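Novice: pasting the sequence and the predicted coordinates here, then a few questions.
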Amino acid sequence: MAISCKVEKEKALTLFKATGVLRFDEVMQAVQSFYAGNPTKHVLWDLLETTDIHLTFEEIEQIVSYQPRYDGKREPGKTAFVARKDLLYGLSRMFELHSEGQNAPYPIMVFRSLDEAHQWFAES
């Protein structure tokens, strides 16, 4: 598994691209690094080349409740997940719903295509 990170400053967007098997420790490391730096307004998780996810419900809850997500360091923006495989799409939706339940300070949406996600960002 690898998670690459690219910042598109002109779009105030951080793009995380995951390939292979997605694991908790790698996701948490990416999230921690994002909030330790200068987080962008928008975040896109590209899961199109992810083959599987090895995350438990408890690990998803740990990511959702990661406190720096709520400390105001990040300008209000949007987070999108893009996944075509049903399993990845469903787990991303679970993250979205849990974040809503925790009153995340920015909306999260899950899409099947990158174009849909970029269109949603452009609507802000």
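Specialist: Yep, it's here.

Novice: quick one, strands of the chain?
Specialist: For the chain, applying DSSP state E gives strands covering 2-8, 13-23, 42-54, 79-82, 108-111.

Novice: out of those strands, which is closest to Val64?
Specialist: strand 108-111 (9.6 Å; CB to CB). The C-beta positions use only the backbone N, C-alpha and C, and glycine is treated the same way.

Novice: for the closest one, packing partners?
Specialist: strand 79-82, helix 86-101, helix 114-122 (3 or more CB pairs under 8 Å, 6 or more residues apart in numbering; DSSP states H and E).

Novice: still on that earlier bit, which of the strands of the chain sits closest to Tyr89?
Specialist: strand 108-111 (6.1 Å).

Novice: what lies in contact with the closest one?
Specialist: Residues from elsewhere that reach strand 108-111 (CB atoms under 8 Å, 6 or more residues apart in numbering): 78-83, 89, 92-93, 95-96, 99-100, 117, 120.

Novice: quick check: PyMOL command selecting the buried ones in those.
Specialist: Of the contacts of strand 108-111, the buried ones go into a single PyMOL selection, burial set by 16 or more other CB atoms under 10 Å:
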select buried, resi 78+79+80+81+82+83+89+92+95+96+99+117+120
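
Novice: so which of the contacts of strand 108-111 comes closest to Pro39?
Specialist: For the contacts of strand 108-111, the nearest to Pro39 is Thr79 (10.6 Å; CB to CB).
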